Every structure is written in C-alpha cells, then in structure tokens.
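K.L.:
Quick one, structure for this:
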Amino acid sequence: LTNEVKALQDISGGALDAMKSRLTELRQQMTDARMRVQAFQSENDLYEIDGKTISDEHLNALNGELSDAKNAVASIKAQLEFSQRVVSENDVNAAAAAAFDNDVIKNIRTEYLSSKKKLAELQRTLGDKHEAVKRMRHEIEEYERIVQDEMRRITQDDANKFVVAQSREKELQEQLDSLLKKRALINAKKSELQSLENEATVYETLYTRYLDNMQQTTEKAAL
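P.N.:
Next up is the predicted model:
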C-alpha cells in the first residue's frame, strides 16, 4: 500500500512539474495575445467609449459643427445678397429699414425718415423751388450718401465673412470625408480585432483551466 501511494505521489509530482511548465507557457501566450489586441486597437484607433469608438465620437462632433457651418453660410449668403441688391439699386429706404444692427445707419435712420417727412410738407406748402426745400433735399441726399457708403462697406464685410464661412464649411467637409473613409477602414479592421480578441480569450480560458487543474494536482500530491 505504501509503495502504491508513493507511486501515485511520484506520478502527481511529475504531472505537477509538467503543468507548471505549461502554465508558464500559457501565461506568456495569454499576455502576448492581450498585448497584440491592445497594439492593434491603438494603431487603428479602435478604443471605445460608452460603446462607441473614438472615430464615432469625432464623427458626431464633426456632423454637428458642419451643420452649424452650413447654416452660417446660408445666413451670411442671404445677408450678402441683400447688401449687394441695396448697393446696386441704391435702395436707401431698404437699407434704413433693415440694417438695425449697424450703428451708423441706425443713428441717422430717424433723422433721415424725419427729413423726408419734412421735405414732403415743405414741397406741399412752399413748392419745389423754394430754398428751404432745396436745403432739405440736399440734407436728405447727404444722408443717402452716408447710407450708401456704409452699405458698400457692409457689403464688403459680408463678402469677407462669406468667404471665411465657406472656407470653414469646406474644411469641416474635408475632415468629415476623411473621417468617413477612416471609419470604413476601421469597420474592416474590426473583424481582425475580433480574431485577436478571440485568440486572447482562448489563451485566458486555457490558462484558467490549467491553473485549476494544477491546484487539484497539488492537493492530490500532498495526500
């Protein structure tokens, strides 16, 4: 009986040595596989935040920025077209009525409209050739000149803003196009990542099983 017990202990001890060697090997393989996964994620920007890849986050942000940029371009374009029409048609009344955010036009708007009202009254009471009518007409012409000059300045400013807004839209569109191409590549790389993760999982499972078996063998050898 003693000889049989000793023989079992020898067998268990030999198996334990073999399992320790295999366990060391599996530990290294498991570590290497996990490092390959991490390296692949880093090289291909495949890390995830709340279930989304970093590229998804960038895509959502860029879409929002591009939408704002398109709205800005449309708004500035409408303002530029209005300014150009006012300048080309010398439509001082339209300028005085619309350009409320311009301090120069806003400051003379009341006086301009008041002068036009006074001119109409003077023409009705004094006639077209009266000196007071001529002075008032000259005053109105001066207001109109100021408004026209300011509208030309506004038009140039709107044109500059439009160029900047278009440039910003183009830049964001190019970034979005580039990111979409990158995302397509990422989707293709995800299958490769899955294979690497599966490999890492296999080694982790084998390592866990060998560790459990080694513990059981150690307990048997100690009996």
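K.L.:
Grab the nearest non-local neighbour of the residue most central in space within the chain.
P.N.:
Nearest to the mean C-alpha position of the chain, by CA atoms, centre = their mean, lies Leu62 at 2.4 Å. Distances taken as CB to CB, 6 or more residues apart in numbering put Leu176 closest to Leu62, at 4.8 Å, once the chain neighbours are dropped. C-beta here means a position set from N, CA and C on the backbone, and glycine is covered the same way.
K.L.:
Then Glu65?
P.N.:
Nearest in space to Glu65, with sequence neighbours left out and distances taken as CB to CB, 6+ apart, is Leu172 at 5.4 Å.
K.L.:
picking that back up, run through the residues that contact the residue nearest to the centre of the chain.
P.N.:
Shown in contact with Leu62 (CB atoms under 8 Å, 6 or more residues apart in numbering): Leu172, Gln175, Leu176, Leu179.
K.L.:
Tell me if I'm right that Ser115 and Ile140 touch.
P.N.:
Yes. Look at Ser115 against Ile140 with CB atoms under 8 Å: they come within range, at 5.0 Å.
K.L.:
Please report how far the closest residue to Arg85 other than its chain neighbours lies from Asp177.
P.N.:
Leaving aside its sequence neighbours, Arg85 sits nearest to Asp91 (CB to CB, 6+ apart; 7.0 Å). Distance of Asp91 to Asp177, given as CB to CB, to the nearest Å: 41 Å.
K.L.:
Which of these two has more residues huddled nearby?
P.N.:
Using other CB atoms under 10 Å, the more surrounded residue of Asp91 and Asp177 is Asp91, with 17 against 11.
K.L.:
thought that one was touching Phe82?
P.N.:
No. Counting by CB under 8 Å, Asp91 does not reach Phe82; the two are 9.7 Å apart.
K.L.:
give me phi/psi at the residue nearest to Leu62?
P.N.:
Dihedral angles of Leu176 (phi, psi; degrees, to the nearest 10) stand at phi -70, psi -40.
K.L.:
Count the neighbours of it for me.
P.N.:
16.
K.L.:
got it, and Asp158?
P.N.:
Asp158 has 20 nearby residues by other CB under 10 Å.
K.L.:
Surely it is within a strand?
P.N.:
No. Asp158 is assigned helix when assessed by DSSP: H, G, I helix; E, B strand; the rest coil, not a strand.
K.L.:
How about the contacts made by it?
P.N.:
Ile76, Gln79, Leu80, Ser83 are the contacts of Asp158 under CB under 8 Å, 6+ apart.
K.L.:
Distance-wise, check the second one relative to Val92.
P.N.:
Taking CB to CB as the measure, Gln79 falls 18 Å from Val92.
K.L.:
between those two, which one's more packed in?
P.N.:
Val92 (21 against 18).
K.L.:
so the more buried one makes contact with Glu144?
P.N.:
Yes. With contact defined as CB under 8 Å, Val92 and Glu144 form a contacting pair (4.6 Å).
K.L.:
So for the two, which residues contact both of them?
P.N.:
Tyr112.
K.L.:
Just the pLDDT for the residue nearest to Leu62.
P.N.:
The model reports Leu176 with a pLDDT of 90.
K.L.:
Val147 is in what secondary structure piece?
P.N.:
helix 131-221 (DSSP states H and E).
K.L.:
Show me how far that helix is from its chain's centre.
P.N.:
3 Å (CA atoms, centre = their mean, to the nearest Å).
K.L.:
Could you pull up the residues touching the residue nearest to Asn63 when sequence neighbours are not counted?
P.N.:
In space, and not counting its chain neighbours, Asn63 is closest to Leu176: 6.9 Å by CB to CB, 6+ apart. Counting by CB under 8 Å, 6+ apart, Leu176 makes contact with Leu59, Leu62, Asn63, Leu66.
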